[in-house]
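# the following block contains a protein sequence and its predicted model.
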Amino acid sequence: MVRTAWTARLPDLAPGVDEVHLWHTRVDRPGEEGGQGGSLLSAGERDRAAHFRREVDRIRYVAVHAFLRRTLARYLSMSADAIDFIEGPAGKPALTQMSGEPDLRFNLSHSGDHAFIAVTIGREVGVDFEVIQPDVDALALAEEVFSADICKALRLLPSEARVHAFYRTWTRLEAVLKARGVGFSLDPRSAQIPLEAASPLSITSVKDGESEPLVWTVHDFELAADIIGAVAVEGEGCQILACAWGGA
């Protein structure tokens, strides 16, 4: 698990095929690198930002997407406002691939004042995080999204451990689904996520139509005692390097 390895800058901005770079920033600190940046956004992004009713939501949207563009620009050696995105069949964003550029893959997760980006080369990747709510009804939520086996295992845990196990399993599941680019168009109950197994771990996703099962390596991470997440990357043998813009 990535715990206290958050650094101010990654040593090498050219991830190898066996690395995932995990970036974090806060989006409630105007003036920092992850903060204000409306001039970097595309016309479509600025239009979406303008449709938020609450000013705080508009500011966060702008900050998150500026953070994404600035981060990717570091790898692509190009202006952040020149980056072009496309969407996959289920809406997962990707970079428009141009000749001579690295096969950079990424995924974004943001909620409230925090945003995370996972970046790698040549492998699909997904990232998710959650802020732990200690009074959540973990069993009720688990029965909506987890398999019967996971729910059964959760019931055997003490209440405090159950809440943590729920969030750990949820972020692992969401990271895998985001890496696959299917989100919850695939029934999450079909994914077998080991309950509180040690990280990193391998997860084999179920067959989807004619495709063969895929193996994903899942790494847990935490930013604070109540902010935990997971990164899922295609294949095996990847390590996670974590970096924070403006500090964690």
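Noted; the coordinates are in hand. Numbering: from 1, shown residues only.
# burial check on residue 28, number of neighbours?
Residues lying near residue 28 (other C-beta atoms under 10 Å) number 15. C-betas here are computed from N, CA, C, even on glycine.
# tell me if it really is in a helix.
No. Using DSSP: H, G, I helix; E, B strand; the rest coil, the assignment for residue 28 is coil, not a helix.
# now it, nearest residue through space, not along the chain?
residue 113 (4.1 Å; C-beta to C-beta, 6 or more residues apart in numbering).
# the one you found touches residue 26, doesn't it?
Yes. Between residue 113 and residue 26 there is a contact under C-beta atoms under 8 Å: 5.2 Å.
# re the thing from before, the residue nearest to residue 28 and residue 194: what is the separation?
With distances taken as C-beta to C-beta, to the nearest Å, residue 113 is found 30 Å from residue 194.
# now residue 131
Relative to residue 194, residue 131 is positioned 23 Å away (C-beta to C-beta).
# with residue 237 instead?
Distance, residue 237 to residue 194, by C-beta to C-beta: 19 Å.
# so how many other residues sit close to residue 111?
15.
# dihedrals phi and psi, it?
phi -160, psi 130 (degrees, to the nearest 10).
# that one against residue 131, yeah?
Yes. Using C-beta under 8 Å, residue 111 is in contact with residue 131, at 7.0 Å.
# what is the longest strand belonging to the chain packed up against?
For the chain, the longest strand by residue count, based on DSSP state E, is strand 215-224. With contacts taken as 3 or more C-beta pairs under 8 Å, 6 or more residues apart in numbering; DSSP states H and E, strand 215-224 sits against strand 19-26, helix 159-180, strand 201-204, strand 227-234, strand 239-244.
# swap in 6 Å and give it another go.
Applying 3 or more C-beta pairs under 6 Å, 6 or more residues apart in numbering; DSSP states H and E, one finds that strand 215-224 makes contact with strand 201-204, strand 227-234.
# dump those to JSON lines, plus mean neighbour count.
Supplementary listing: these in JSON lines, determined by neighbours: other C-beta atoms under 10 Å:
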{"stretch": "strand 201-204", "mean neighbour count": "15"}
{"stretch": "strand 227-234", "mean neighbour count": "26"}
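# which one of those strands has the lowest average pLDDT?
Ranked by mean pLDDT, those end with strand 201-204 at the bottom, a mean of 82.
# paired strands for that strand, with orientation please.
Strands that pair with strand 201-204, judged by DSSP bridges, come out as strand 215-224 (antiparallel).
# then the strand it pairs with to PDB, C-alphas only?
The C-alpha trace of strand 215-224 is given here as PDB (Å, rounded to 0.1, in the frame of the first residue of the first chain):
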ATOM      1  CA  VAL A 215      -5.800  -9.800 -15.000                       C
ATOM      2  CA  TRP A 216      -5.600  -6.500 -13.100                       C
ATOM      3  CA  THR A 217      -3.000  -5.600 -10.500                       C
ATOM      4  CA  VAL A 218      -4.600  -3.500  -7.700                       C
ATOM      5  CA  HIS A 219      -2.600  -1.300  -5.400                       C
ATOM      6  CA  ASP A 220      -4.200   0.300  -2.300                       C
ATOM      7  CA  PHE A 221      -3.200   3.700  -1.200                       C
ATOM      8  CA  GLU A 222      -4.200   6.200   1.500                       C
ATOM      9  CA  LEU A 223      -3.700   9.900   1.800                       C
ATOM     10  CA  ALA A 224      -5.000  10.100   5.400                       C
END
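# and it, which residues are buried?
Judged by neighbour count (16 or more other C-beta atoms under 10 Å), strand 215-224 contains these buried residues: 216, 217, 218, 219, 220, 221, 222, 223.
# which one of the residues you listed is nearest to residue 171?
residue 220 (7.6 Å; C-beta to C-beta).
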